[in-house]
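K.L.:
Quick one: sequence and predicted model below, then my questions.
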Protein chains: 2
Amino acid sequence: MTVTLADVAARAGVSAATVSRVLNGNYPVAGTTRERVMRAVNDLEYVVNGHARALAAATSDLVGVLVNDVADPFFGILASAAQTEIGRGSEHGGGKLAVVCNTGGSPEAELNYLTLLQRQRAAGVILTGGAVEGTEHTHAVADKLARLAADGTKVVLCGRPPLPPDEFSGEESALENDDAAAVTTLAFDNRGGARRLTEHLLTLGHRRIGYVTGPANRTTTRDRLDGHRSALADGGLAVTADRLTVHGDYSRASGYDATLELLRRDPDLTAVVAANDTIALGACAALRERGMRIPQDVSVAGFDDLPFSIDATPALTTVRLPLHEAGARAGRLVMGLESPPPGGVATVRAELMARASTAPPAFA
Amino acid sequence: MTVTLADVAARAGVSAATVSRVLNGNYPVAGTTRERVMRAVNDLEYVVNGHARALAAATSDLVGVLVNDVADPFFGILASAAQTEIGRGSEHGGGKLAVVCNTGGSPEAELNYLTLLQRQRAAGVILTGGAVEGTEHTHAVADKLARLAADGTKVVLCGRPPLPPDEFSGEESALENDDAAAVTTLAFDNRGGARRLTEHLLTLGHRRIGYVTGPANRTTTRDRLDGHRSALADGGLAVTADRLTVHGDYSRASGYDATLELLRRDPDLTAVVAANDTIALGACAALRERGMRIPQDVSVAGFDDLPFSIDATPALTTVRLPLHEAGARAGRLVMGLESPPPGGVATVRAELMARASTAPPAFA
DNA sequence: AAACGCATAGCAAGCGCTTTCTATGAGGTT
DNA sequence: AACCTCATAGAAAGCGCTTGCTATGCGTTT
């Protein structure tokens, strides 16, 4: 049924070794022989068995890309960019196969997929998006990553903080430390971006600023909230920050609900800052429904600068994260096409994009 | 370095066969033995080598999902839903690994990825999005799919028309026909949806309707344009259709440019129909920039009903494609969790979503 | 008490490929 | 003319796992 190396060898009248060599091109083979083999390969439509090859050569052409949800443009863009770099050269047999895995943000699912990838002896793994902290599996994930790195799998974190320095003691400690160092990190400047965003609102004159954030134990949530808080605190508004912060889940619906809740807490709110653009959209919908104009009555700001933000009306003020570049860089790093930053950690800048959805508050 | 089955066997004091059986749970093993083995597995942190397993058992736990671009929500949603079904049960060792591949819509890239997947002896392949017709590689893709199906790989087409019935003659013809039948198709009712959309505009009273379409040789483009055309033709407006159709590439930018071009061709246009929502967003931007109000001056409609459509202002009239459901179904089909529709082809309904961006034209 | 069946476990033969080591012959050397 | 070198090809040993077949020992059956 399936054509094997041996079949090709037989038809070409050579040994299997020779066919393998022609295919891999890493050993001298006479021109005429090579031709004969190639003809046989084409005649038989032979396609090498990747598993057999992987087993024999102890290499793999799979790279895992873990995302919360491909359907979310934030991750879609990251994954798309990474995938392009990973697949680069697959026309010439170079390049690898990117396995995009939806984890839904759960460390449990992450762990699962990591094990699956470990099974396939993946050449590399990229983890995108913030990490969840403090669950039972969180440690397990870090351990697994260390183990993968130790086994030669390239690990790249994109959009999450570096692995914590080894918290263990005991005989394995030194080893694990080294492994952690083998993990490259592309951290996003969530804190700085959020800070600049809130400062922008403060500068415009806002004082009653509501904040809609994401799930509590996520690094991304924490960092963005921290940035927001510190900006407010510097403006002497620490209390506002506490009173006007509502947790959601990064979805449009939660942005909608949370905004209604904020309005309940302070009907005279002049600005709503959302932890991401999707939430911001929900916020806009809620405000509009309440008959409030943006930005005349209430300013709204998001985070990420996803493509649709520019098409919101009014165009959304947000913080731009160079997702495409970051994803591509992660892809290159995992493929070893780019040398890791010194210390293994690079921070990706977040840039304020002041647009039409924010304006000075009306003091009616 | 790496722990193998033999290591586990040694530590548990049993044969490799027994360990394998414990792990696969498809052969009776005494409780005490099983426990001993499991302890060894845990102690050693053993993870089976997927390649070795795949080779020995001639099975694979990879499923390919080919998309034009994960960053595009249309594909992101499809892929996400499919992936969820494919990975379902991976906690218990069930489920497979979804490999999402960006083809950029090029048959050449499709062919490449299909070969890569064939190498890995993928258990299944899902192709999403319209097909490109008439290129040299188009046939090659169909052939490759037939070959994969013949080799036992489940093939599911999602959002593209069924494989053409075998056009070859010759000794292999019968065989290939069978293979084509083994391919399951989830076709989208692009034609019907487009038709209903344009009828909606016609019913509202529009007569000067512009159309912004996608790249020429794509099945999706063709079908949607066909639907639009036939609706216009039935309204006696065939000429309008020809004059007011501009080709783009499904991007926001091309929607913007094309709309400007339409306005040039007919400044008194009362409606713009876009071949997808992204184009529609570009159209809105162009119109707004020209100082035209939507829908008072010009109505705008899209296609797909991507999540952001509802947040456009005004909310976008469009045609809803149940992408999530379709993707999930494709996933189930490729996993054999759902029996294929009779004839191997099912059509996914497209539903008109009349919203605020379309209204009767003002006859000023 | 002899014969049998069943539940478990092990043996060993691959799965299809890579790669080390060895063989062979042509061409060059002294 | 005897010897060495280099280029090229083959033989064969795995890579780590699954699985058909074969043992082994116990509880049963008559």
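P.N.:
Cool, got the structure. Nothing here was measured: the structure is a model prediction, and the numbers come from that model. Numbering: from 1, shown residues only, chains lettered A, B, ... in the order given.
K.L.:
Return the distance of the nearest residue to A:His206 once chain neighbours are set aside relative to A:Ala280.
P.N.:
In space, and not counting its chain neighbours, A:His206 is closest to A:Ala271: 4.4 Å by Cβ to Cβ, 6 or more residues apart in numbering or on different chains. All C-beta atoms are positioned from the backbone trio N, CA, C, and that covers glycine. Using Cβ to Cβ, to the nearest Å, one gets 11 Å for the distance from A:Ala271 to A:Ala280.
K.L.:
now A:Ala328
P.N.:
For A:Ala328 relative to A:Ala280 (Cβ to Cβ), the value is 26 Å.
K.L.:
and the two? which has more neighbours close in?
P.N.:
A count of neighbours by other Cβ atoms under 10 Å in any protein chain shown puts A:Ala280 above the other of A:Ala328 and A:Ala280, at 30 against 21.
K.L.:
Nearest spatial neighbour of the more buried one, chain-adjacent residues omitted?
P.N.:
Counting by Cβ to Cβ, 6+ apart, A:Ala280 lies nearest to A:Gly302, which is 3.3 Å off, once chain neighbours are set aside.
K.L.:
DNA strand D versus the one you found, what's the distance?
P.N.:
As judged by Cβ to the nearest atom of the strand, to the nearest Å, A:Gly302 and DNA strand D stand 48 Å apart.
K.L.:
Kindly report the same for A:Val65.
P.N.:
A:Val65 is 25 Å from DNA strand D, where distance means Cβ to the nearest atom of the strand.
K.L.:
Which of the three states applies to that residue?
P.N.:
strand (DSSP: H, G, I helix; E, B strand; the rest coil).
K.L.:
related to what we said a few turns ago, now list whatever residues contact both of A:Ala271 and A:Ala280.
P.N.:
Counting by Cβ atoms under 8 Å, 6 or more residues apart in numbering or on different chains, the contacts common to A:Ala271 and A:Ala280 are A:Val300, A:Ala301.
K.L.:
and the residue nearest to A:Ala280, how many neighbours does it have?
P.N.:
A:Gly302 has 30 neighbours, counted by other Cβ under 10 Å.
K.L.:
Next: A:Ala17.
P.N.:
A:Ala17 has 12 nearby residues by other Cβ under 10 Å.
K.L.:
again with the one 3 residues further on
P.N.:
The tally of other residues near A:Ser20 (other Cβ under 10 Å) stands at 20.
K.L.:
dump the residue contacts of it.
P.N.:
Going by Cβ under 8 Å, 6+ apart, the list of residues near A:Ser20 reads A:Leu5.
K.L.:
looking at this, it is in a helix?
P.N.:
Yes: assessed by three-state DSSP, A:Ser20 belongs to a helix.
K.L.:
if we can go back for a sec, check contacts around the residue nearest to A:Ala280.
P.N.:
Taking Cβ under 8 Å, 6+ apart, one finds A:Ala274, A:Asn276, A:Asp277, A:Thr278, A:Ile279, A:Ala280, A:Leu281, A:Ser309, A:Leu316, A:Thr317, A:Thr318, A:Val319 in contact with A:Gly302.
K.L.:
Repeat the analysis, applying 6 Å as the threshold.
P.N.:
A:Ala274, A:Asp277, A:Ala280, A:Leu316, A:Thr318 (Cβ atoms under 6 Å, 6 or more residues apart in numbering or on different chains).
K.L.:
As CSV, those with pLDDT and secondary structure would be great.
P.N.:
Output for the contacts of A:Gly302, formatted as CSV (pLDDT from 0 to 100; DSSP: H, G, I helix; E, B strand; the rest coil):
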residue, pLDDT, secondary structure
A:Ala274, 98, strand
A:Asp277, 98, helix
A:Ala280, 98, helix
A:Leu316, 98, coil
A:Thr318, 98, strand
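K.L.:
among the residues you listed, who's most crowded?
P.N.:
The contacts of A:Gly302, ranked by neighbours (other Cβ under 10 Å): first place A:Ala274, 32 neighbours.
K.L.:
do you know how far the residue lying closest to A:Glu91 once chain neighbours are set aside is from B:Lys144?
P.N.:
Among residues not flanking A:Glu91 along the chain, B:Asn112 sits closest, at 5.7 Å (Cβ to Cβ, 6+ apart). For B:Asn112, the distance to B:Lys144 (Cβ to Cβ) stands at 10 Å.
K.L.:
How is whatever residue of the stretch 251-364 of chain A ends up closest to DNA strand D assigned, secondary-structure-wise?
P.N.:
Per Cβ to the nearest atom of the strand, A:Gly336 is where the stretch 251-364 of chain A lies closest to DNA strand D, at 22.4 Å. Classification of A:Gly336 by three-state DSSP places it in coil.
K.L.:
That one: neighbour count?
P.N.:
11.
K.L.:
Look up phi and psi at it.
P.N.:
phi 70, psi 20 (degrees, to the nearest 10).
K.L.:
Chain neighbours aside, what residue packs nearest to it?
P.N.:
Of all residues not flanking A:Gly336 in the chain, A:Lys154 sits nearest, at 6.7 Å (Cβ to Cβ, 6+ apart).
K.L.:
isn't the one you found right up against A:Val334?
P.N.:
Yes: between A:Lys154 and A:Val334 there is a contact at 5.0 Å, judged by Cβ atoms under 6 Å.
K.L.:
which residues in the stretch 201-350 of chain A form strands?
P.N.:
Counting by DSSP state E, counting those that start in this stretch, the stretch 201-350 of chain A has strands at residues A:209-213, A:245-247, A:271-274, A:299-301, A:318-320, A:345-348.
K.L.:
who touches stretch A:255-269?
P.N.:
Applying Cβ under 6 Å, 6+ apart, the set of residues contacting stretch A:255-269 is A:Arg208, A:Gly210, A:Val212, A:Val246, A:Gly248, A:Val272, A:Ala274, A:Ile279, A:Gly282, A:Ala283, A:Ala285, A:Ala286.
K.L.:
Just give me the closest of those residues to B:Ala9.
P.N.:
A:Gly248 (51.0 Å; Cβ to Cβ).
K.L.:
Count the neighbours of the closest one for me.
P.N.:
A:Gly248: 26 surrounding residues under other Cβ under 10 Å.
K.L.:
again, but for A:Thr184
P.N.:
A:Thr184 has 25 neighbours, counted by other Cβ under 10 Å.
K.L.:
What backbone torsions are found at the residue lying closest to it once chain neighbours are set aside?
P.N.:
Using Cβ to Cβ, 6+ apart and skipping the chain neighbours, the partner closest in space to A:Thr184 is A:Pro340 (4.4 Å). For A:Pro340, the backbone dihedrals (degrees, to the nearest 10) come out as phi -60, psi 150.
K.L.:
Quick check: A:Pro340 touching A:Val183?
P.N.:
No: between A:Pro340 and A:Val183 there is no contact under Cβ under 6 Å: 9.3 Å.
K.L.:
Compare these two and say which is more crowded by neighbours.
P.N.:
A:Val183 (23 against 18).
K.L.:
so what's the backbone phi/psi at the residue of the stretch 151-300 of chain A found nearest DNA strand D?
P.N.:
Residue of the stretch 151-300 of chain A nearest DNA strand D, by Cβ to the nearest atom of the strand: A:Asp151 (11.2 Å). For A:Asp151, the backbone dihedrals (degrees, to the nearest 10) come out as phi -80, psi 0.
K.L.:
How much space separates it from B:Gly31?
P.N.:
As judged by Cβ to Cβ, A:Asp151 and B:Gly31 stand 32 Å apart.
K.L.:
For the two, indicate the residue with more neighbours.
P.N.:
Using other Cβ under 10 Å, the more surrounded residue of A:Asp151 and B:Gly31 is A:Asp151, with 14 against 7.
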